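J.: Following is a predicted model, sequence given first.
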Amino acid sequence: MKILGIESSCDDTAAAIVQDGHRLFSHVVSSQIDIHAAYGGVVPEIAARSHIEAIGPVVEKALGDAACTWDDIDAIAVTYAPGLIGSLLVGTLAARTLAIIHDKPLYPIHHVEAHVYANFITDQSPALSLTLPQAQPQFPLLALIVSGGHTQLVLFQGHGDYELLGQTRDDAVGEAFDKVAKILGLPYPGGPSISQAAREGDDQAYQLPKARLDEPYAFSFSGLKTAVLRAVQREVGVDTSFPSYELSGRLTASQRHDFAASFQRVAVETLVDKTERAYHDYAPASVVIAGGVAANTALRHELSSRLPIAIEYAPLTLCTDNAAMVAALGYYETQRLAATDPYELEVLPSLSMMNRRSAQVSNDGP
């Protein structure tokens with residue numbers, strides 16, 4: 001069963017074709033990073049306009065790369081939540097229109113849940129050359145989902161059957177990476193910039209605090225971000241009233257690298273501490289990391305070294321926003337849910353995974 005996936009929740013326009021939830025036939029992403037880098041972050045109006053320009057060519061290229069016609073496509077899966085409303089509208093309108101024109105079943109996909117399913121792609125067409133996991137994760141599955149908008153630990157008992165163990169109380173870890181990168185004068189996006197700078201730094205140069213929380217699986221990164229700000233202010237000899245956007249000009253390259261390394265160490269340790277505790281408490285069969293921050297090599301190394309279980313990682317290109325993960329999850333949705341009427345599908349920019357799960361249980365029964 002071949003699924004066309006469409007993703008447009010933020011600033012990447014993507015389409016992909018996946019068969020049976022595991023075999024990747026095409027993977028196309030049109031990135032807007034260069035456009036938004038000048039603003040230090042994503043500008044929603046610009047993102048939506050760029051999606052309008054890219055969505056048609058991206059879908060056509062995905063079909064062409066997979067050597068597929070519309071007769072080969074069995075269903076369409078599209079991200080409808082969460083994300084930027086303008087961006088979501090472009091992708092869902094395209095998917096709804098294509099579903100109507102080509103008479104294909106349509107399945108709405110939750111973007112955060114889809115990130116987990118990048119780890120289920122284990123095979124590919126000869127035209128592709130990604131380094132994929134050798135086997136799919138097994139249930140029960142512990143997923144650490146880490147991105148610019150989300151940081152949470154989720155325990156999956158099966159497809160569509162999951163519970164939230166804990167999440168961030170403030171900043172997502174990817175958001176903290178972006179904010180610290182701005183303080184240090186590193187380019188957007190902050191995750192890759194800090195990771196690169198950290199390779200040349202001493203991760204013990206600055207002792208930064210870890211949040212102490214009463215919930216065992218809860219996260220907090222706001223205090224860490226503020227601790228970096230205060231440490232930089234002290235290091236360059238200014239008081240707390242000094243503007244954060246002017247600090248980077250007073251840092252040496254060595255100081256910048258050391259701050260990046262020290263911040264990354266504490267952020268990664270925070271994530272792995274919670275994941276390790278959940279692993280020992282719940283004894284899952286598999287552990288995965290998902291989302292843009294899952295591309296961080298320090299996180300991968302730390303998790304593998306701390307857990308007594310073999311962990312396979314999705315390739316970096318499938319950790320950031322993409323449509324392959326949407327199509328992969330779309331296949332499993334076809335196995336358990338009815339298709340959605342394309343005339344009635346609406347976007348839900350703020351819908352959490354848990355609210356989606358609750359809605360499905362109330363509609364379909366446990």
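T.: Now that the structure is in, tell me what you want to look at.
J.: biggest helix in this protein by residues?
T.: Secondary structure of the chain per DSSP state H: the longest helix is helix 253-282.
J.: Could I get the phi/psi values of the nearest residue to residue 336 once chain neighbours are set aside?
T.: Excluding its sequence neighbours, the residue lying closest to residue 336 (C-beta to C-beta, 6 or more residues apart in numbering) is residue 160, at 5.9 Å. C-beta: built from backbone N, CA, C; applies to glycine. Backbone geometry at residue 160, expressed as degrees, to the nearest 10, gives phi 80, psi 0.
J.: list the contacts for residue 160?
T.: Contacts for residue 160 were tallied using C-beta atoms under 8 Å, 6 or more residues apart in numbering; they are 332, 333, 336, 337, 357, 360.
J.: That one and residue 23, how far apart?
T.: 21 Å (C-beta to C-beta, to the nearest Å).
J.: Over to residue 340?
T.: Distance of residue 340 to residue 23, given as C-beta to C-beta: 24 Å.
J.: related to what we said a few turns ago, to the chain's geometric centre, what's the distance from the helix or strand following the longest helix of the chain?
T.: Downstream of helix 253-282, the next assigned helix or strand under DSSP states H and E is strand 286-290. For strand 286-290, the distance from its own C-alpha centre to the chain's C-alpha centre is 12 Å (C-alpha atoms, centre = their mean, to the nearest Å).
J.: And for the helix or strand following strand 286-290, what's in contact with it?
T.: The C-terminal neighbour of strand 286-290 among helices and strands, as given by DSSP H and E, is helix 297-306. Residues external to helix 297-306 that are found in contact with it (C-beta under 8 Å, 6+ apart): 144, 146, 195, 198, 264-265, 268-269, 271-272, 275-276, 287, 289, 293-294, 311, 313.
J.: For helix 297-306, give the mean pLDDT please.
T.: Helix 297-306 carries an average pLDDT of 97.
J.: got it, and stretch 258-272?
T.: Averaged over stretch 258-272, pLDDT sits at 98.
J.: go on, stretch 99-108?
T.: For stretch 99-108, the mean pLDDT works out to 98.
J.: same check, this time on stretch 79-93
T.: Confidence over stretch 79-93 (mean pLDDT, whole number) is 97.
J.: for stretch 281-289, same thing?
T.: Computed over stretch 281-289, the mean pLDDT rounds to 98.
J.: ditto for stretch 141-151
T.: 94.
J.: Residue 193 and residue 15, how far apart?
T.: When C-beta to C-beta is the yardstick, residue 193 and residue 15 sit 28 Å from each other.
J.: Kindly apply the preceding question to residue 203 instead.
T.: Using C-beta to C-beta, residue 203 is found at 39 Å from residue 15.
J.: Which one of these two is surrounded by more residues?
T.: For residue 203 against residue 15, the residue with the higher neighbour count under other C-beta atoms under 10 Å is residue 15, and the figures read 36 against 18.
J.: How about the contacts made by the residue nearest to residue 2 when sequence neighbours are not counted?
T.: Spatially, and ignoring its direct neighbours in sequence, residue 2 is nearest to residue 19 (4.9 Å; C-beta to C-beta, 6+ apart). Contacts here follow C-beta under 8 Å, 6+ apart; on that basis residue 19 touches 1, 2, 3, 25, 331.
J.: Report how many residues lie close to the fourth one.
T.: When counting by other C-beta under 10 Å, one arrives at 25 neighbours for residue 25.
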